[in-house]
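[1] no sequence for this one, just the structure:
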């Protein structure tokens, strides 16, 4: 019997106290995370690694790819990884745009470093988020496109010409629009308006926890982009599904308050999300009255199609 598709999450850093950015993520922790995701309703996902040194990322990618391969070999599992999302290290190091990523490891794109990361993942990288201004000639984007890897802009502030160049080179997505940018930006000349201007050439992911974006804005952007060009992602960290407390994301400890939101120590920005896709779906259904057809597109179908997964 064919398994019915549940949520498809293109960006998740951890769940249930398990951090996918651990240097030595164990098979036991991995299996527990799959169980958590399955219970929430997710059937396919991209475990996400954030910025670190290239050497450290290579080790993490090699380990995570082995765990992903093992989950594929277990046909009884109700949730599986279908690739890895590498978010960084080729991101803007500017305050606001870098967000929760370790600034000291953000760097311009060098093709040799990029190839090392892709090779370390043994074919498992499916999505890379980068800053187009870190790859001004588009060589890294062209290489990733040739490798059949999806490319997204994110944690970035490219000019509209740089963004157009990146699209021409093969970039087709934008990661969690409206986040990973300063709280105060120029009213006209800013990254959000540039993406909106090029929305016919870009698809976007949005975080629907009610904190990263006001729900009325989330609803409006779905209308503006069109529901075929939007996928909801959790961007969840290890705190997802658990009570307030101190949790891990890579090398940093993150405090989650009574509202369930992970924030930086200085309270200036979010550090991923504390919500799962199941919780986000319930929020959108109750507060936005989205139809079941729209829910399916935004939480399942669009992401599956972008990844080239078989239809239900």
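    Thanks, I have it. Being a predicted model, the structure only gives us computed values, none of them experimental. Numbering: from 1, shown residues only.

[2] test my guess that residue 84 contacts residue 124.
    Yes. If you go by C-beta atoms under 8 Å, residue 84 and residue 124 touch, sitting 4.8 Å apart. No exception for glycine: its C-beta is placed from N, CA and C like everyone else's.

[3] overlap of the contact sets of these two?
    Counting by C-beta atoms under 8 Å, 6 or more residues apart in numbering, the common neighbours of residue 84 and residue 124 are 61, 64, 65, 68.

[4] who are the packing partners of the longest helix seen in the chain?
    In the chain, with assignment by DSSP state H, the single longest helix is helix 54-72. In terms of contacts (3 or more C-beta pairs under 8 Å, 6 or more residues apart in numbering; DSSP states H and E), helix 54-72 is packed against helix 27-40, strand 42-50, strand 80-81, strand 84-87, helix 111-120.

[5] can you list these in CSV and add distance to residue 145 and mean neighbour count?
    Below are those laid out as CSV (distance: least, C-beta to C-beta, whole Å; neighbours: other C-beta atoms under 10 Å):
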stretch, distance to residue 145, mean neighbour count
helix 27-40, 29, 19
strand 42-50, 18, 26
strand 80-81, 22, 24
strand 84-87, 15, 27
helix 111-120, 12, 16
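
[6] want to throw the ones you listed into TSV with mean pLDDT and distance to residue 286?
    Formatted as TSV, these follow (pLDDT from 0 to 100; distance: least, C-beta to C-beta, whole Å):
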stretch	mean pLDDT	distance to residue 286
helix 27-40	96	17
strand 42-50	97	20
strand 80-81	95	29
strand 84-87	98	28
helix 111-120	98	40
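
[7] if we can go back for a sec, export the shared contacts of residue 84 and residue 124 to CSV and append columns for neighbour count.
    Converted to CSV, these look like this (neighbours: other C-beta atoms under 10 Å):
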residue, neighbour count
61, 22
64, 27
65, 20
68, 23
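
[8] from the residues you listed, which is closest to residue 242?
    residue 64 (21.6 Å; C-beta to C-beta).

[9] Three-state assignment for the nearest residue to residue 106 once chain neighbours are set aside, please.
    Among residues not flanking residue 106 along the chain, residue 93 sits closest, at 3.9 Å (C-beta to C-beta, 6 or more residues apart in numbering). Per DSSP: H, G, I helix; E, B strand; the rest coil, the local secondary structure of residue 93 is coil.

[10] residue 63: neighbour count?
    Residues within reach of residue 63, counting by other C-beta atoms under 10 Å, total 18.

[11] pretty sure it contacts residue 25?
    Yes. Proximity of residue 63 to residue 25 meets the contact threshold set by C-beta under 8 Å, at 6.1 Å.

[12] which neighbours do the two share?
    Between them, residue 63 and residue 25 share no contacting residue, judged by C-beta under 8 Å, 6+ apart.

[13] cool, thanks, talk later.
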